[in-house]
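A.B. asks: Show me the folded form of this:
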Amino acid sequence: MPKYKLCFIATEKVEYSIMIETNTPEEAFKLFNNPDYDRGHYEEECFLGLIENESDVQIEGEWIDDKDTSIPSSSLKRYDEPIKLNQ
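C.D. replies: Numbers count the residues shown, from 1 in each chain. Down below sits the predicted model:
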């Protein structure tokens, strides 16, 4: 029986995130879309240039400072449903 070589290009979907400190999710989206907001050079180069579809941008939860630890840390309090950018 003949053997066939099949070639293809595989793409990988990777999820990135950045932390934006604001009072409301709406303000976070505004800062996210503001080109003058300083996200740091690394985040600007590595994350934002990879967004294929703005409808994929969402807020999944809120970072809460952990108060019962000797080392400063925080935990993500996930929302039941993520908040989408275009809702």
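
A.B. asks: ok, and what's touching stretch 29-37?
C.D. replies: Contacts to stretch 29-37, defined as CB atoms under 8 Å, 6 or more residues apart in numbering, come from residues 18, 20, 22, 57, 59, 85. The way it works is simple: take the backbone N, C-alpha and C, and place the C-beta from them, glycine included.

A.B. asks: how long is it from one end to the other?
C.D. replies: 11 Å (CA to CA, to the nearest Å).

A.B. asks: Give me the distance between it and the centre of its chain.
C.D. replies: Its chain's C-alpha centre and that of stretch 29-37 lie 14 Å apart, by CA atoms, centre = their mean, to the nearest Å.

A.B. asks: Buried residues in it, which are they?
C.D. replies: For stretch 29-37, burial by neighbour count (16 or more other CB atoms under 10 Å) applies to 29, 32.

A.B. asks: Could you pull up the mean pLDDT of it?
C.D. replies: Stretch 29-37 carries an average pLDDT of 82.

A.B. asks: now stretch 64-83
C.D. replies: Rounded mean pLDDT across stretch 64-83 is 82.

A.B. asks: and the end-to-end length of it?
C.D. replies: So stretch 64-83: terminal residues 17 Å apart, CA to CA.

A.B. asks: For that stretch, list every residue counted as buried.
C.D. replies: Buried residues in stretch 64-83, defined by neighbour count with 16+ other CB under 10 Å: residue 83.

A.B. asks: Am I right that residue 75 sits in a strand?
C.D. replies: Yes: when classified by DSSP: H, G, I helix; E, B strand; the rest coil, residue 75 is found to be part of a strand.

A.B. asks: Please report how far it lies from residue 33.
C.D. replies: Relative to residue 33, residue 75 is positioned 27 Å away (CB to CB, to the nearest Å).

A.B. asks: Is it possible to mark the buried ones in the contacts of stretch 29-37?
C.D. replies: For the contacts of stretch 29-37, buried by 16+ other CB under 10 Å: residue 59.

A.B. asks: could I get the contacts of stretch 29-37 as a markdown table with distance to residue 1 and secondary structure?
C.D. replies: Below are these laid out as a markdown table (distance: CB to CB, whole Å; DSSP: H, G, I helix; E, B strand; the rest coil):
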| residue | distance to residue 1 | secondary structure |
| --- | --- | --- |
| 18 | 52 | coil |
| 20 | 57 | coil |
| 22 | 62 | coil |
| 57 | 49 | coil |
| 59 | 53 | strand |
| 85 | 52 | coil |
